[in-house]
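S.K.: Take this sequence and fold it.
(2 chains)
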Amino acid sequence: MLRLENVSKIYPTSARPALDDVSMDVEPGEFVFLIGPSGSGKSTLLRLLLREETPTRGSVYVANWNVARLPNRKVPKLRQRMGCVFQDFRLLPNRSVADNVAFALEVTGKSEHTIRTVVPEMLELVNLTGKADRMPAELSGGEAQRVAIARALANRPLVLLADEPTGNLDPETSDDIMLLLDRINRAGTTIVMATHDRQIVDAMRRRVVELHLGRLARDDARGVYGARR
Amino acid sequence: MNGLGFVWREAVAGLRRNVTMSVAMMLTTAISLGMLGAGLLAVRTIDRTQDLYYSQLAVQVALDEPTSAGDPDCTSPTCAGLRQELQADPLVAGVTYESRDAAFQRFLRIYAGQSILQLVRPQSLPATLRVTLKDPTRGDALVGEYSDRPGVRNVVDQRRLVEDLFTFLGSVRNGAFGLASVQALAALLLISNTIQVSAFTRRTEVGIMRLVGATRWYTQVPFLIEAVITGVVGAVLATGGLVLGKLFFIDRLLSGRLISNAIPAVGMSDVLLFVAPLLIVIGAVIAAATGYVTLRLYVRS
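M.R.: Here you go, the predicted structure:
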C-alpha cells in the first residue's frame, strides 16, 4: 500500500537530512504508529506521502503511484485517495459541520446527490449526526477532530494519515478518537499515525515505527512507545 | 461542469470580501480601457477622415496671372500643353481644368455668408489644373516636376495641407494610447496584488482544498474569475464613460461650424459596436492572463 525505498530528504536550509535513507513498507489494512521526538522526520515522511514534498533521493509509492515522479496534474488524484487529519483540525470556521464534510466532496467534483448521501453517512460514522448544523466554534476539541476525520474519509481514501491527531486533546477525548480510528482501521482503511502520545501507543499494541534524527530506529510489529524514557 | 456553481460563488465571495480593493481595481481598469477606447476611436476617425480626404484630394497646378486671365478655356499652347503633359504622366490618374470664374463660383458657395467674401475678387484666384494621382502619396514628385514650368504659378499638394490635421488627430491617438498603457500597467499591478491578497486571505480554504485533492479548477479558477469579472466590469464602465464623453464632449467639439465638415462625427455605433466589444474582450483576456501569471508566480498550486 505504502512503500519507501531508501528515502532521504534534505531541506536546503538545514545541514542535517530530515530523513536519512529510510525504507519501510505498509500493507493494506495496517495500523502504523510513527513515533519519535520533534524533528525526527515524522512530518516530513507524511509530507512525502502526500507529495507536499519530493524526496531528495529514493522512491515513494502509494498504491500504484510512484509519488515522487507523479506529474503535477495527477497529484490531486493521489490526494483524493488519501485522507489527512491534523493536530489543529483545520476546519473552515465559517462553515457548519455538515458543510465542512461536504467541502471535501464539493471541491473534488462530486455530484449533489453523492454529497447528500455521503455527508450523513460520515457524520453517523463519527457519531455527530445531531450536530450537523453546528459551527466549528461551538464544538469541543474531540468533536472538531471527529469532523476532521469525517471530512478525511468522505472521499473513501485508501490511507488515512494522521499527524498527532490527539495532540490537542485531553486523555479521555484522545481515547475516544483512538477508538474511532481503530474502528475505521478494522473496516479496512490503512492508517499511519504520527504521535508523541506514549499512553496511546502502549495501549493499542500496533506496529510502531520509530524515527530518530531522520533515521529508522525501530520497526516493531506490536510495539510500545519505548522502554527507555 | 459540476463545480461551476462552486467556482462562481467563490469568485463573487472573493470580490465581496475585499470590496474597496475590488472597486479600486475596477475603476483603474475602467480608466485604462477608457483611454484605450478613446485611442481606438481616434484611429477610426483618422482612418475615416483620411478616406474622406484622400479620395478628394488632388495636386493643384495653379496657373500664373497672364494664363489665368487670358486663357479661360485652356486653349493656349501653355495651358493645353501642360494639360497634355500631365495626362501623359504615369503618376497621374486624371486632370480637370478649373477656370478663374469657376473657382470664384466655388469659393462663393463654400464661404457663403462669411465676411471673407468681401475681400476676395475673381482676380485673387488662379485658374487651376486639378490633378488626381494614382497613388495619392506621390504628390511630391509632381510638385518638383511642374513647379518651374512656364505658365505655372505654383503647385500645391493638398495632402500637405491636411497633414496638420492628421498630425493633430495622431497626437490625440498617441496621447490616449500612452495614458492607456500607463493606466494599464497600474491596472495589471492592482489585479495581480488583489489576487495575491485574495489568495492569502483564503489560504486555509485553499490549503484544505489541496489536501483533499481538489484540482486547479477549484483552487485557482475562482481567482481567475475574480480577475475576469473585474476586467469585464471595467470594460463596461469604460464604455459608459466613452458614451458620456461622446455625448457631452466630442459631439459638441465636432459640431463647431468649421470643424464639422472637416472631421466625420463619431457615431454611437462606433462606441457600442466597435469599441465596446473590443474593450470587453481585451479587459477579460488581459485580466485572465494577469491572474494566471500571478497564480503561477506567487501562489502555490
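
S.K.: Tell me the residues of chain B that contact chain A?
M.R.: B:2-3, B:6, B:204-205, B:207-219, B:301 (Cβ under 8 Å from any Cβ of the partner chain). Any C-beta I mention is one placed from the backbone N, CA and C, and that applies to glycine too.

S.K.: Make a PyMOL selection of whichever of those turn out to be buried.
M.R.: Buried members of the residues of chain B next to chain A, defined by 16 or more other Cβ atoms under 10 Å in any protein chain shown, are picked up in PyMOL with:
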select buried, chain B and resi 3+6+205+208+209+210+211+212+213+214+215+217+218+219
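
S.K.: Pretty sure residue A:81 sits against residue A:160.
M.R.: No: between residue A:81 and residue A:160 there is no contact under Cβ atoms under 8 Å: 10.7 Å.

S.K.: Looking at the two, which is more packed in?
M.R.: Taking neighbours as other Cβ atoms under 10 Å in any protein chain shown, residue A:81 and residue A:160 compare with residue A:160 leading, 22 against 15.

S.K.: Which residues does that one form beta bridges with?
M.R.: When assigned by DSSP bridges, residue A:160 has beta-bridge partners residue A:83, residue A:191.

S.K.: Can you list the neighbours in contact with the helix or strand residue A:118 falls within?
M.R.: Secondary structure from DSSP states H and E places residue A:118 in helix A:112-125. Under the contact criterion Cβ atoms under 8 Å, 6 or more residues apart in numbering or on different chains, helix A:112-125 has outside partners A:97-98, A:101-102, A:105-106, A:110, A:129, A:131-132, A:150-151, A:153-154, A:184.

S.K.: Can you give me the distance of the nearest residue to residue B:251 once chain neighbours are set aside to chain A?
M.R.: Among residues not flanking residue B:251 along the chain, residue B:265 sits closest, at 7.2 Å (Cβ to Cβ, 6 or more residues apart in numbering or on different chains). Using Cβ to the nearest Cβ, to the nearest Å, residue B:265 is found at 53 Å from chain A.

S.K.: what's the answer for residue B:150, then?
M.R.: The value you get for residue B:150 to chain A, if Cβ to the nearest Cβ is used, is 83 Å.

S.K.: The closest residue to that residue other than its chain neighbours: what secondary structure?
M.R.: Closest residue to residue B:150 apart from its sequence neighbours, by Cβ to Cβ, 6+ apart: residue B:78 at 6.0 Å. Classification of residue B:78 using DSSP: H, G, I helix; E, B strand; the rest coil returns helix.

S.K.: Residue B:78 touches residue B:129, doesn't it?
M.R.: No: with contact defined as Cβ under 8 Å, residue B:78 and residue B:129 do not form a contacting pair (11.3 Å).

S.K.: Point out where chain A drops to low pLDDT.
M.R.: A:227-229 (pLDDT under 70).

S.K.: mind listing the helices for it?
M.R.: A:42-49, A:75-80, A:97-106, A:112-125, A:141-153, A:171-186, A:198-204 (DSSP state H).

S.K.: Alpha carbons of the fifth one, as CSV, please.
M.R.: Yep, that's helix A:141-153 we're talking about. Extracted C-alpha coordinates of helix A:141-153, given in CSV (Å, rounded to 0.1, in the frame of the first residue of the first chain):
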residue,chain,number,x,y,z
GLY,A,141,-11.9,19.6,20.6
GLY,A,142,-12.9,15.9,20.3
GLU,A,143,-15.9,16.8,18.2
ALA,A,144,-13.8,19.0,16.0
GLN,A,145,-11.4,16.2,15.4
ARG,A,146,-14.2,13.9,14.6
VAL,A,147,-15.5,16.3,12.0
ALA,A,148,-12.0,16.4,10.5
ILE,A,149,-11.9,12.6,10.4
ALA,A,150,-15.3,12.6,8.7
ARG,A,151,-14.0,15.0,6.1
ALA,A,152,-10.9,13.0,5.6
LEU,A,153,-12.9,9.8,5.0
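
S.K.: what's the angle from that helix to helix A:171-186?
M.R.: 20 degrees (axes from the mean of the first three to the mean of the last three Cα atoms, to 10 degrees).

S.K.: Give me the contact list for helix A:141-153.
M.R.: A:83-86, A:89-91, A:97, A:100-101, A:103-104, A:122-123, A:125-128, A:131, A:136, A:139, A:160, A:165-166, A:168-170, A:173, A:176-177, A:180-181, A:184, A:189, B:212.

S.K.: Go again with 7 Å.
M.R.: For helix A:141-153, contacts defined as Cβ atoms under 7 Å, 6 or more residues apart in numbering or on different chains pick out A:83-85, A:89-91, A:97, A:100-101, A:103-104, A:122-123, A:125-128, A:131, A:136, A:139, A:160, A:165, A:168-169, A:173, A:176-177, A:180, A:184.

S.K.: do the same with the third one
M.R.: Residues external to helix A:97-106 that are found in contact with it (Cβ under 7 Å, 6+ apart): A:91-92, A:95, A:114-115, A:118-119, A:122-123, A:128, A:131-134, A:136, A:147, A:150-151, A:154-155, B:6, B:208, B:212.

S.K.: please redo it, this time with the cut-off set to 6 Å
M.R.: Residues from elsewhere that reach helix A:97-106 (Cβ atoms under 6 Å, 6 or more residues apart in numbering or on different chains): A:91-92, A:115, A:119, A:122, A:131-132, A:134, A:147, A:150-151, A:154-155, B:6, B:212.

S.K.: I'd like to know how far the residue nearest to the spatial centre of chain A sits from chain B.
M.R.: Residue closest to the mean C-alpha point of chain A, counted by Cα atoms, centre = their mean, is residue A:161 at 1.5 Å. Per Cβ to the nearest Cβ, residue A:161 is found 10 Å from chain B.

S.K.: Same question for residue A:188.
M.R.: 20 Å.

S.K.: Just give me the neighbour total for the residue nearest to that residue when sequence neighbours are not counted.
M.R.: Closest residue to residue A:188 apart from its sequence neighbours, by Cβ to Cβ, 6+ apart: residue A:29 at 5.9 Å. Neighbourhood size, residue A:29 [other Cβ under 10 Å]: 13.

S.K.: And the one 4 residues further on, by the same measure?
M.R.: Neighbour count for residue A:33, taken as other Cβ under 10 Å: 25.

S.K.: now do residue B:140
M.R.: Neighbours of residue B:140 under the rule other Cβ under 10 Å: 12.

S.K.: which residue packs closest to it, ignoring adjacent ones?
M.R.: Per Cβ to Cβ, 6+ apart, closest to residue B:140 is residue B:157, 6.7 Å.

S.K.: count of residues packed around the one you found?
M.R.: Around residue B:157 there are 21 residues (other Cβ under 10 Å).

S.K.: Then residue A:223?
M.R.: Residue A:223, neighbours per other Cβ under 10 Å, totals 20.

S.K.: Would you point out the helix or strand in chain B whose mean pLDDT is lowest?
M.R.: Least confident element among the helices and strands of chain B, by mean pLDDT, DSSP states H and E: helix B:257-260 (a mean of 59).

S.K.: From residue B:124, how far out is residue B:117?
M.R.: Counting by Cβ to Cβ, to the nearest Å, the gap from residue B:117 to residue B:124 is 11 Å.

S.K.: Dihedrals phi and psi, residue B:153?
M.R.: phi -80, psi -60 (degrees, to the nearest 10).

S.K.: Domain-wise, how is chain B divided?
M.R.: B:4-53+B:163-298, B:65-150 (automatic domain parsing).

S.K.: what does chain A have sitting close to chain B?
M.R.: Residues of chain A found near chain B (Cβ under 6 Å from any Cβ of the partner chain) are A:76, A:79-80, A:84, A:90, A:104, A:106-109.

S.K.: Pretty sure residue A:53 sits against residue A:45.
M.R.: No: if you go by Cβ atoms under 6 Å, residue A:53 and residue A:45 don't touch, sitting 9.6 Å apart.
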